[in-house]
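In: coordinates for the following, if possible.
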Amino acid sequence: MMRVAAVFVAVAAVALVGPRAWAEEGQPATEANATLRLKDDEVVQDAEQPVAGATPAKGEPGGGTEALAKAAQNPIASMISVPFQNNMNFGVGQGDDIQNILNIQPVIPITLSEDWNLITRTILPIVWQPELAPHVGPEAGLGDVQLSLFLSPAKAKGLIWGVGPALQFPSATDPVLGAGKFSAGPNFVGLVIDGPWVYGALMQNVWSYAGPSNRGRVNQFLLQPFVNYNFKGGFYLTTSPVITADWVADSDDRWTVPLGGGVGQIFRIGKLPVNVSVAGYYNVVTPDNGPEWQLRLQAQFLFPR
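Out: Residues are numbered from 1 along each chain as shown. Sure, this is the predicted structure:
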């Protein structure tokens, strides 16, 4: 997993150090995050989620820089995208180790009618889990897969919104990598695009409804506010902290609250727009054995209509 992180650092460096030579148009932003932590000899998986912008203007091949930027920053844009988001969590467990989670997050819009779209987002987490306690880890493999569906107006003006279910499946290849339960709950996202600004929030809560009786119940909340400021040429500033709460945990061991931000750039590989971003977050509140801070690296491949 450290090799994966090294590849992301190299891609980010190329995109951010020399973007003007590569970029033609577009702008990105969005992130998701997951952390696994120990609780009563079980591992609880905090939810995860991302963020992106408005659909490219019709008549523009792939959209101009500004249109692509806002499409990449709108989580319910009518545009296919495939983000690879690598989250390195530092200070995890009793040994203050590094946990690595690579989220593969394909986003596919489906046109239901002239007025409505269904946006599908699947999150496949590939996890490297350090030793959280004696005989608990290290382990690597697939974590619990989550599918989010958003019903959204196709011609929204002002407030852009989407609502639908979030479904989480016990797909982890090892018990230490997931919650081991079928879980579901509501998803909601709302955002505003105002000049160079794209800002809003995504919120969800999932509850377990089936699964092995020897695994703890799931009741997890996620809030992801996001603010992006876009410059000409595809460069942008972004903050997109993932705030989570485990309602099953004790009140003093429940919240993860990060603060931070980063930068990003859209460039092209041939005609393919790619959104690359780097961000850092410090957890001002974190549970026992939770990470102290996170480095988030993302490469998002965009396929505008």
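
In: can you tell me which residues contact residue 150?
Out: For residue 150, the contacting residues are 75-76, 118-119, 121, 162-164, 187, 189, by Cβ atoms under 8 Å, 6 or more residues apart in numbering. In this view, the C-beta of every residue, glycine as well, is placed from N, C-alpha and C.

In: quick one: which of the residues you listed is most hemmed in?
Out: residue 76 (31 neighbours; other Cβ atoms under 10 Å).

In: which residues are in contact with the closest residue to that residue other than its chain neighbours?
Out: Nearest in space to residue 76, with sequence neighbours left out and distances taken as Cβ to Cβ, 6 or more residues apart in numbering, is residue 162 at 4.1 Å. Going by Cβ under 8 Å, 6+ apart, residue 162 touches 75-76, 119, 150-152, 187-189.

In: which residues touch residue 130?
Out: So residue 130 contacts 92-93, 95, 97-99, 137-138 (Cβ under 8 Å, 6+ apart).

In: pLDDT value on it, please?
Out: Listed pLDDT for residue 130 reads 88.

In: number of nearby residues for the nearest residue to residue 171 once chain neighbours are set aside?
Out: In this structure, residue 171 finds its nearest non-sequential neighbour in residue 145, 4.5 Å apart by Cβ to Cβ, 6+ apart. Residue 145 is flanked by 17 other residues according to other Cβ under 10 Å.

In: so residue 145 touches residue 126, yeah?
Out: No - contact status for residue 145 versus residue 126: not in contact, 10.8 Å apart, counting by Cβ atoms under 8 Å.

In: and the residue nearest to residue 76, how far from residue 180?
Out: Distance of residue 162 to residue 180, computed by Cβ to Cβ, to the nearest Å: 29 Å.

In: C-alpha coordinates for the helix or strand harbouring residue 66, CSV please?
Out: Take DSSP states H and E as the rule and residue 66 turns out to sit in helix 65-72. Provided in CSV are the C-alpha atoms of helix 65-72 (Å, rounded to 0.1, in the frame of the first residue of the first chain):
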residue,chain,number,x,y,z
THR,A,65,-12.2,24.9,-17.6
GLU,A,66,-14.8,26.5,-15.4
ALA,A,67,-17.6,24.1,-16.4
LEU,A,68,-15.4,21.0,-15.8
ALA,A,69,-14.2,22.4,-12.5
LYS,A,70,-17.7,22.8,-11.2
ALA,A,71,-18.7,19.4,-12.5
ALA,A,72,-15.9,17.8,-10.7
